[in-house]
Structure formats: structure tokens, C-alpha cells
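**Student:** Curious how this folds, go ahead:
(one chain, ligands or ions: 1)
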Amino acid sequence: MYVCLCKNVTDHRIRGAVEEGARSWREVQQQTGCATQCGKCAGTGKEITREAIKAE
Ligand code: FES
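**Tutor:** Below is the predicted model:
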């Protein structure tokens, strides 16, 4: 599903960033661009990032 419409970031892309080594929301943002425009997706993006890091 799309998390971030501004930057076309899916939940899959966020999980991929964590698999590739991102270890914080900031790092996921740097890799994907998620929540770097309007910011409305920040809550969902952070949640998915937290779950993905926990599952690593
Ligand atoms: Fe993600 Fe706008 S929906 S920055």
C-alpha cells in the first residue's frame, strides 16, 4: 500500500530500506523521501519503520 503519496513510497519500500540497513526513521526518510514533503504520512511511516526494525 502507498504510505506516502507525495513521494510514492509504499510500505514495501520502507521495509526494504530497513532490510538494506536503515536503523531509524531518519535513515528511512533519507533513503525513501517518505514524509519529506507535506508530512501527513509521518505517523504511518514511523509506525511501519518501528515494526520493521523490531522484526529484523
Ligand atoms: Fe508523504 Fe506528503 S504524503 S510527504
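
**Student:** who's in contact with Arg26?
**Tutor:** For Arg26, the contact set (Cβ atoms under 8 Å, 6 or more residues apart in numbering) is empty. Backbone N, C-alpha and C define where each C-beta goes, glycine included.

**Student:** Check whether the host helix or strand of it comes into contact with the ligand.
**Tutor:** Using DSSP states H and E, Arg26 falls within helix 25-32. No - for helix 25-32, no contact with the ligand is found by Cβ under 6 Å from any ligand atom; the gap never falls below 9.7 Å.

**Student:** Output that helix as CSV, restricted to C-alpha atoms.
**Tutor:** Extracted in CSV, the C-alpha atoms of helix 25-32 (Å, rounded to 0.1, in the frame of the first residue of the first chain):
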residue,chain,number,x,y,z
TRP,A,25,13.0,6.8,11.0
ARG,A,26,15.5,9.5,9.9
GLU,A,27,17.5,7.0,7.9
VAL,A,28,14.3,5.6,6.3
GLN,A,29,13.4,9.2,5.4
GLN,A,30,16.8,9.8,3.8
GLN,A,31,16.6,6.6,1.8
THR,A,32,13.0,6.9,0.6
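
**Student:** I'd like the numbering to begin with 679 instead of 1 from here.
**Tutor:** Yes, from this point I'll number from 679; that puts the last item at helix 703-710.
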